[in-house]
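Asks: Sequence and computational prediction follow.
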Amino acid sequence: MIPQREIDVNAYHRRAVGNYFLVVMKLKTGYFFNESFLQHELEPGHPESAERLIAINERIRSSAVAGRIEWISTSFDRNLHLPLISAVHTGSHIDEVLAIPATGRAAGDAVAAVTGAVDAVFTERIANAFCAVRPPGHHAHNDAHHDGINQGEGFCFLNNVAIAARYAQKKYHAIKVLIVDWDYHHGNGTESYFYDDPSVFYFSTHRLGAYPGTGLPTRTGSGAAEGYTFNYPLPKPEYPFGPVEDADLLFTFHVLADHLEKISFSPDLVLISAGFDSLACDPLGNFDLSEEVFHPITKLLMKIAQQMCNGRIVSVLEGGYNPLGLAIAVEAHLQALARFPDESAPSTRTTTP
Ligand SMILES: [Zn+2]
């Protein structure tokens, strides 16, 4: 584990000047969004709707955290992004998705967002990132059939997080990547891509037995990657019908932190599959979580990222189907990412490395 530095340098743009870091500018949290995400529709009245992003955008624009957020819009470029998607999906799957009107455009722009976010954190344009994307991605894999309504992959088309992980490894030589999936549902697509790959650690906490029925704790990876998939379904098997509250979710993240330390897994990037369908108000999930719980959970992951990879976190929206609850939870998540309001610091200072 890399020891924590004297100051939290991740919050700043830093340049080595002799034996000193010249800290010249506080970095913001990137907020990746594209208008095309609002054009994608599964079917009228479907819970995975544009209303979700509209609610989040309005909440963040009027939030006190807005001053620490940098809005960034990136667009799909066939020459640039097709090879990146091909690192995860088959050609036939990609062709099928990109051919769907509006949905294909949004899915391509979502890939541009998450890979753009990887660029921005590795080049230190921003401190960390949240990608407010649609469609979501963690169920997406190569075997589903896309008919425009998408019954096969839980509202997902391209696996944004898996593509981001592979891109970070290829472009920035990220040797190890940690993927943390806190969506109410298990990310079966993401797990499938890295199940036998020890360079990517996949952690998922989700509702035991919920769609798509995968994510049993006995699934721990295979071959050289044995132990690099960590499924922590809730509620605990000994209380299968018990409620799942904030303390339960917080506990799973302390278990994760201890586990990473125990196996000495030190990632170069932390990716979050940030789903918010575990809120008490969500129409699809049945956990009893508050919106506020996503603040301390984010802080815990930031601590891990700070200790291991200079705070590099790219968070990507997955589920969450109560627009207002979703927006409040994302605000709590972003307040943590943007270190608001309790971690203000001078805009310029020098310190030894
Ligand atoms: Zn979900």
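Replies: That came in fine, so what should we check first?
Asks: next one: phi and psi at the spatially closest residue to E191 that is not a sequence neighbour?
Replies: Sequence neighbours aside, Y202 is the residue nearest to E191 in space, at 5.5 Å (criterion: Cβ to Cβ, 6 or more residues apart in numbering). C-beta coordinates here come from the backbone N, C-alpha and C atoms, glycine included. Here is the backbone geometry of Y202 (degrees, to the nearest 10): phi -110, psi 120.
Asks: And for L269?
Replies: Main-chain dihedrals, L269, degrees, to the nearest 10: phi -160, psi 140.
Asks: for it, which residues make a bridge with it?
Replies: V177 (DSSP bridges).
Asks: Number of residues surrounding it?
Replies: With neighbours defined by other Cβ atoms under 10 Å, the count for L269 comes to 27.
Asks: ok, it touching G311?
Replies: No: L269 lies out of contact with G311 (Cβ atoms under 8 Å); the separation is 10.3 Å.
Asks: What strand or helix carries whatever residue of the stretch 251-353 of the chain ends up closest to the ion?
Replies: Here the residue of the stretch 251-353 of the chain nearest the ion is G319; by Cβ to the ion that distance is 2.9 Å. Following DSSP states H and E, there is no helix or strand that holds G319.
Asks: May I have the predicted confidence score for it?
Replies: On pLDDT, G319 comes in at 98.
Asks: So it sits against H185, correct?
Replies: Yes: counting by Cβ under 8 Å, H185 is a contact partner of G319 at 6.5 Å.
Asks: For these two, list the residues in contact with both.
Replies: Common neighbours of G319 and H185 are listed as 275, 277 (criterion: Cβ atoms under 8 Å, 6 or more residues apart in numbering).
Asks: any idea how far P44 is from F241?
Replies: Distance of P44 to F241, computed by Cβ to Cβ, to the nearest Å: 35 Å.
Asks: and if you look at V314?
Replies: From V314 across to F241, the span is 36 Å (Cβ to Cβ).
Asks: Please identify which of the two sits among more neighbours.
Replies: Ranked by neighbour count (other Cβ under 10 Å), V314 and F241 place V314 first, with 32 against 5.
Asks: contacting residues around the nearest residue to L27 once chain neighbours are set aside?
Replies: Using Cβ to Cβ, 6+ apart and skipping residues adjacent in sequence, the residue nearest L27 is A127, 3.9 Å away. Applying Cβ under 8 Å, 6+ apart to A127 gives the contacts 10-11, 27-29, 121, 311, 337-339.
Asks: Around the ion, which positions in the stretch 51-200 of the chain sit nearby?
Replies: Along the stretch 51-200 of the chain, the residues adjacent to the ion under the rule Cβ under 5 Å from the ion are 183-185.
Asks: Return the member of these nearest to Y228.
Replies: D183 (19.4 Å; Cβ to Cβ).
Asks: my guess is the closest one meets S273, correct?
Replies: Yes: D183 lies in contact with S273 (Cβ under 8 Å); the separation is 5.6 Å.
Asks: longest single helix anywhere in the protein?
Replies: Longest helix of the chain, by residue count under DSSP state H: helix 103-122.
Asks: quick one: contacts of the helix or strand just after it?
Replies: Where DSSP H and E defines the elements, the next helix or strand beyond helix 103-122 is strand 128-131. Residues outside strand 128-131 that contact it (Cβ under 8 Å, 6+ apart): 10, 29-33, 110, 113-114, 117, 120-121, 160, 274, 302, 305, 311-317, 330, 333-334, 337.
Asks: Among these, name the ones in helices.
Replies: Among the contacts of strand 128-131, the residues falling in helices (DSSP H) are 110, 113-114, 117, 120-121, 160, 302, 305, 330, 333-334, 337.
Asks: got CSV for those, with neighbour count, distance to P296 and pLDDT too?
Replies: Shown next, in CSV, are those (neighbours: other Cβ atoms under 10 Å; distance: Cβ to Cβ, whole Å; pLDDT from 0 to 100):
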residue, neighbour count, distance to P296, pLDDT
A110, 30, 28, 98
A113, 31, 26, 98
V114, 30, 25, 98
A117, 31, 23, 98
A120, 21, 25, 98
V121, 28, 22, 98
N160, 32, 25, 98
M302, 20, 10, 97
A305, 22, 15, 97
V330, 28, 15, 98
H333, 24, 11, 98
L334, 27, 14, 98
L337, 29, 13, 98
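Asks: What helix or strand is the spatially most central residue of the chain located in?
Replies: The centre of the chain sits closest to I272, judged by Cα atoms, centre = their mean, with a distance of 2.5 Å. Using DSSP H and E, I272 falls within strand 269-274.
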